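Student: Got a predicted structure plus its sequence, pasted below:
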Amino acid sequence: MALENDPQNSTEQLNKLKKDFEEFVYIISHDLKAPLRAIKNLSEWIEEDVGSQIDGEVKNNFELLRSRVDWMNKMIDGLLEYSRVCSRTRVIQSVNIRNSIHQTVGELFIPQNVNVIIEATDQEFFADPTQVKKVLEHLIQNAIKFNKNKSPMVTIKAEKVANGLELSVADNGLGINHKSPQLAFEVLKTLHGEEKMYSLGIGLAIVKKVIEDIGGIVKLETVSDEGTTVEIFWPDSTQ
Amino acid sequence: MDNHETSLRKIPMEDATIGIMLVEDDQVDQMTVKRAFKQNKVLNPVFCAENGEEALAMLRGDGVEKITPLPKIILLDLNMPKMGGVEFLEELRKDPILKKISVFVLTTSQADEDIIATSKYNVAGYIVKPVSFESFREAVKTLDAFWALCEFPNCGK
């Protein structure tokens, strides 16, 4: 088949496949969202119109219904984000990692009691700044979310090395109490029972996809009830 | 039952029978707009079309009864079968009589593509179709205030 013998053609084919896939996901997510919107609106109207006649349990059921709709919307958005992650054309620039981390942290909502420590060298590496931001966002958000420590702490370290960047985000939170913690990298996989409703299980999948697509490495170390550290080797991009 | 303490308010147009046109193919989205108007005490009639072709026919009296007087505002969904929102806008702006109608685009996402695709057609505003009715109701309130502040060009009644 021509695909294997012609590298140029196979790259084109691959790019087309990626684009087709992204369009497919966009269409599906769009078409899935319309009826969800309808379900949510209709349930609100029913509750409004029935008014005072409904008791606590009925009200509670309505709220559960809406929370499931919200959840499904989140899943669709998450899957859309995941599909876009690598189909979007990368814009490679010189990125100052310290600035990038500070900027990302500045833009995130971080609860008062969380202590964020940043140890990043004032150095540049070559990457798509949007992807850097996205990876940082997901890792930091995870570090905060899965953390019931009385003094929650998130430590972000970054250091330029020979042909790329070493980046790590560590927390002193719940850790992953599961015999196969690496499953956390899978799409829609959540390994925390009670947290399930608040976590899509897509952040790490996105991080992994971004990093592996550029030939980098991402690893996770975790100790139950002590914390989790995600380590990344982010190679300089040339294209 | 409407529990909102909104005082009776009419859109300050010369004639309260002047309507609003809604171009939207989703039944429940149509209901959302009508309900939000009702709860904001917007009394003007709402004319619904399910796609761009039907909307144009209603505005021109083309095979169907013409809307008289012409609506001053069109709420336009972008994703519709037959004739989509962008095509409709293009046709509207070409028409010497219809081109002056204010158009608000209903978009399901804050997608820049939607804004870019429609920006050259002089869109008055964008309303994101949110998942919660409450926020749509708020959007209609803003729309209402916008109308109160604007003067409308003569639509050739």
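Tutor: Arrived safely. Numbering: from 1, shown residues only, chains lettered A, B, ... in the order given.
Student: Find the centremost residue of the chain, please.
Tutor: With no chain named, the answer covers chain A. Centre of chain A computed as the mean C-alpha position; nearest residue by C-alpha atoms, centre = their mean is residue A:203, 2.3 Å away.
Student: Grab the nearest non-local neighbour of that one.
Tutor: Excluding its sequence neighbours, the residue lying closest to residue A:203 (C-beta to C-beta, 6 or more residues apart in numbering or on different chains) is residue A:138, at 3.6 Å. The way it works is simple: take the backbone N, C-alpha and C, and place the C-beta from them, glycine included.
Student: Residue B:25 - that's part of a strand, no?
Tutor: No: secondary structure of residue B:25, determined by DSSP: H, G, I helix; E, B strand; the rest coil: coil, with no strand assignment.
Student: From chain A, how far out is it?
Tutor: When distance is defined by C-beta to the nearest C-beta, to the nearest Å, residue B:25 is 10 Å away from chain A.
Student: since we're on that residue, how many residues are nearby?
Tutor: 18 (other C-beta atoms under 10 Å in any protein chain shown).
Student: Same check on residue B:80?
Tutor: 22.
Student: so what's the residue nearest to the centre of chain A up against?
Tutor: By C-beta atoms under 8 Å, 6 or more residues apart in numbering or on different chains, residue A:203 lies in contact with A:138, A:139, A:141, A:142.
Student: And for residue A:134?
Tutor: For residue A:134, the contacting residues are A:85, A:206, A:210, by C-beta under 8 Å, 6+ apart.
Student: same thing but at 6 Å, please
Tutor: Applying C-beta atoms under 6 Å, 6 or more residues apart in numbering or on different chains, one finds that residue A:134 lies in contact with no residue.
Student: State the distance from whatever residue of chain A ends up closest to chain B to residue B:107.
Tutor: Distances between chain A and chain B by C-beta to the nearest C-beta are smallest at residue A:38, namely 3.6 Å. When C-beta to C-beta, to the nearest Å is applied, the distance between residue A:38 and residue B:107 equals 17 Å.
Student: which one of those two has more residues nearby?
Tutor: Here residue A:38 and residue B:107 are compared on neighbour count by other C-beta under 10 Å; more neighbours surround residue B:107, at 20 against 17.
Student: On the strand side of things, show who the more buried one bridges to.
Tutor: Here residue B:107 shows beta-bridge partners residue B:128, assigned using DSSP bridges.
Student: swap in residue B:76?
Tutor: With DSSP bridges as the criterion, residue B:76 is bridged to residue B:23, residue B:105.
Student: Next, count neighbours for it.
Tutor: Other residues within reach of residue B:76, judged by other C-beta under 10 Å, total 28.
Student: just checking, next helix/strand downstream of the helix-or-strand element of chain A with minimal mean pLDDT?
Tutor: Across the helices and strands of chain A, the lowest-confidence element by mean pLDDT, DSSP states H and E is helix A:2-5, at a mean of 54. The helix or strand immediately downstream of helix A:2-5 is helix A:7-50, counting by DSSP states H and E.
Student: So which elements touch that following helix?
Tutor: With contacts defined as 3 or more C-beta pairs under 6 Å, 6 or more residues apart in numbering or on different chains; DSSP states H and E, the secondary structure elements packing on helix A:7-50 are helix A:56-87, helix B:27-39.
Student: picking up where we left off before, quickly note the distance from the residue lying closest to the residue of chain A closest to chain B once chain neighbours are set aside to residue B:129.
Tutor: Excluding its sequence neighbours, the residue lying closest to residue A:38 (C-beta to C-beta, 6+ apart) is residue B:28, at 3.6 Å. Spatial separation of residue B:28 from residue B:129 under the definition C-beta to C-beta is 11 Å.
Student: With neighbour numbers in mind, choose between those two.
Tutor: A side-by-side neighbour count of residue B:28 and residue B:129, using other C-beta under 10 Å, places residue B:129 first with 22 against 17.
Student: isn't that one right up against residue B:114?
Tutor: No: counting by C-beta atoms under 6 Å, residue B:114 is not a contact partner of residue B:129; they are 11.0 Å apart.
Student: Chain B: strands as residue ranges?
Tutor: Listed from the start of the chain, chain B has strands (DSSP state E) covering B:20-23, B:46-49, B:73-77, B:102-107, B:125-128.
Student: what's the distance between the last one and the middle of its chain?
Tutor: Here strand B:125-128 is found 10 Å from its chain centre; the criterion is C-alpha atoms, centre = their mean, to the nearest Å.
Student: So for it, what gets flagged as buried?
Tutor: By neighbour count on 16 or more other C-beta atoms under 10 Å in any protein chain shown, the buried set for strand B:125-128 is B:126, B:127, B:128.
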